[in-house]
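Chemist: Quick one, structure for this:
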Amino acid sequence: MRPMASLLSTTLDIAARFAPRLAGPRVFALFVRPLGRARLRSEEAEVMARAQSGRMVVHGTAVTTYRWGDGDRPVLIVHGWSSRASRFAGFVEALRAQGRTVIAFDAPGHGESDGRASTILDYRAIIGRLHAEHGDFSAVVAHSFGVLAAFSMLHDGVRADRVVAIGGVAHFDHLVERFRAGLNLGEGVGRVLHAHVERRLFPGDPDIWQRLDARRRRPGMRAPILLVHDTEDDVIDPAQSRAIAAAYGEQARLIETTGLGHRRILADPDVIATAVDFALSEPEREPAPAPARRV
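Modeler: Below you'll find the predicted structure:
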């Protein structure tokens, strides 16, 4: 660990132990700031140039949205942490080739949106606004942190016919553990972060940790789920997708790849083809009730 990072870790550990209320805002500020702003790649530029761009203000920050096509029941794309919508360029092309409308966004502090930080509240607000504007989605395709954000909204009433979750996070605690491990921080910092999230983002909400858990099944969440995770993912443990698959049973299907890692998986032609085929498959209709028999 570099000297400055080591000093920061030591400082935060001490503050979390002796002054947790003071440490909370500092830990939280680091936690919600992306690790740099991912840039548009040359191979993504043409697809993004064809999008109809829009802007919405979410929690005081201007957010860039994208739309390809003008049909109803679009496919929603939700990018992950320190990423951007353009990383799904291959998915957009494949979906547009089938005549589907696609919508996406760059979260605050990501891509072409303003701001320097982002929270799950921002993701939830954007998804909620897009759902209100466009109606129910034919599919949601999400990656990494975007999976957790998407599931939290699907649990809260946003509807989609299909869900594709790639390299996904199953529960908020995993994000905290990844954050602690990355900075070599002690368990006390994790407790401080949890407490600050409760106070800052969800005051008075006793159900928040259940809602921020993709493994929690809700009766209204009936969409078939395709989970794709690479066994060599060094950012999000493959056990996260396995846990979601186990929670949903026959409703979910898990595909594990090897050698694609956490980011290259979004550009793999086989992953794109499989995910798009699943997203475009017709939803199974519930059988109609049998007519009443007359005696």
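
Chemist: Now do the residue nearest to Asp233 when sequence neighbours are not counted: how many residues are near it, please.
Modeler: Leaving aside its sequence neighbours, Asp233 sits nearest to His262 (Cβ to Cβ, 6 or more residues apart in numbering; 4.6 Å). Every C-beta, even on glycine, is put in place using the N, C-alpha and C of the backbone. Close neighbours of His262, defined as other Cβ atoms under 10 Å, add up to 19.

Chemist: Touching, His262 and Gln240? I think so.
Modeler: No: His262 lies out of contact with Gln240 (Cβ atoms under 8 Å); the separation is 11.3 Å.

Chemist: Look up how far Arg253 lies from Ala94.
Modeler: Computed with Cβ to Cβ, to the nearest Å, the distance linking Ala94 and Arg253 is 19 Å.

Chemist: nope, Arg87 is what I meant
Modeler: Arg87 is 23 Å from Arg253, by Cβ to Cβ.

Chemist: Compare these two and say which one has the larger neighbour count.
Modeler: Between Arg87 and Arg253, counted using other Cβ under 10 Å, the more crowded position is Arg87 (21 against 13).

Chemist: distance of Tyr239 from Pro224?
Modeler: Heads up, residue 239 is Ala, not Tyr. 22 Å.

Chemist: Look at these two and report which has more neighbours.
Modeler: A direct count of neighbours by other Cβ under 10 Å for Ala239 and Pro224 places Pro224 higher, at 19 against 12.

Chemist: Touching, that one and Arg162? I think so.
Modeler: Yes: if you go by Cβ under 8 Å, Pro224 and Arg162 touch, sitting 5.8 Å apart.

Chemist: Tell me where the stretch 51-200 of the chain has helices.
Modeler: Ranges of helices within the stretch 51-200 of the chain are 89-97, 120-134, 145-155, 172-183, 187-200, based on DSSP state H, counting those that start in this stretch.

Chemist: Work out the gap between the third one and the centre of the chain.
Modeler: Spelled out, that is helix 145-155. 6 Å (Cα atoms, centre = their mean, to the nearest Å).

Chemist: send the alpha carbons of it over as PDB?
Modeler: Extracted in PDB, the C-alpha atoms of helix 145-155 (Å, rounded to 0.1, in the frame of the first residue of the first chain):
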ATOM      1  CA  PHE A 145     -23.600  -2.200  -8.900                       C
ATOM      2  CA  GLY A 146     -26.300  -1.500 -11.400                       C
ATOM      3  CA  VAL A 147     -27.700  -5.000 -10.700                       C
ATOM      4  CA  LEU A 148     -28.300  -4.200  -7.100                       C
ATOM      5  CA  ALA A 149     -29.900  -0.800  -8.000                       C
ATOM      6  CA  ALA A 150     -32.200  -2.400 -10.600                       C
ATOM      7  CA  PHE A 151     -33.300  -5.100  -8.200                       C
ATOM      8  CA  SER A 152     -34.100  -2.600  -5.500                       C
ATOM      9  CA  MET A 153     -36.500  -0.800  -7.900                       C
ATOM     10  CA  LEU A 154     -38.000  -4.000  -9.300                       C
ATOM     11  CA  HIS A 155     -38.800  -4.900  -5.700                       C
END
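
Chemist: and Ile265, how many residues sit next to it?
Modeler: By the criterion of other Cβ under 10 Å, Ile265 has 23 neighbours.

Chemist: Quick check: it is in a helix.
Modeler: Yes: under DSSP: H, G, I helix; E, B strand; the rest coil, Ile265 sits within a helix.

Chemist: Endpoints of stretch 262-281, how far apart?
Modeler: 26 Å (Cα to Cα, to the nearest Å).

Chemist: which intervals of the stretch 101-250 of the chain have sub-threshold pLDDT?
Modeler: Across the stretch 101-250 of the chain, nothing is flagged by pLDDT under 70.

Chemist: show me the contacts for the residue nearest the centre of the chain.
Modeler: Among the residues of the chain, the one closest to the centroid is Gly146, at 0.7 Å (Cα atoms, centre = their mean). Counting by Cβ atoms under 8 Å, 6 or more residues apart in numbering, Gly146 touches Val78, His79, Gly80, Tyr123, Gly168.

Chemist: mind listing the strands for the stretch 151-295 of the chain?
Modeler: Counting by DSSP state E, counting those that start in this stretch, the stretch 151-295 of the chain has strands at residues 163-166, 225-230, 252-257.
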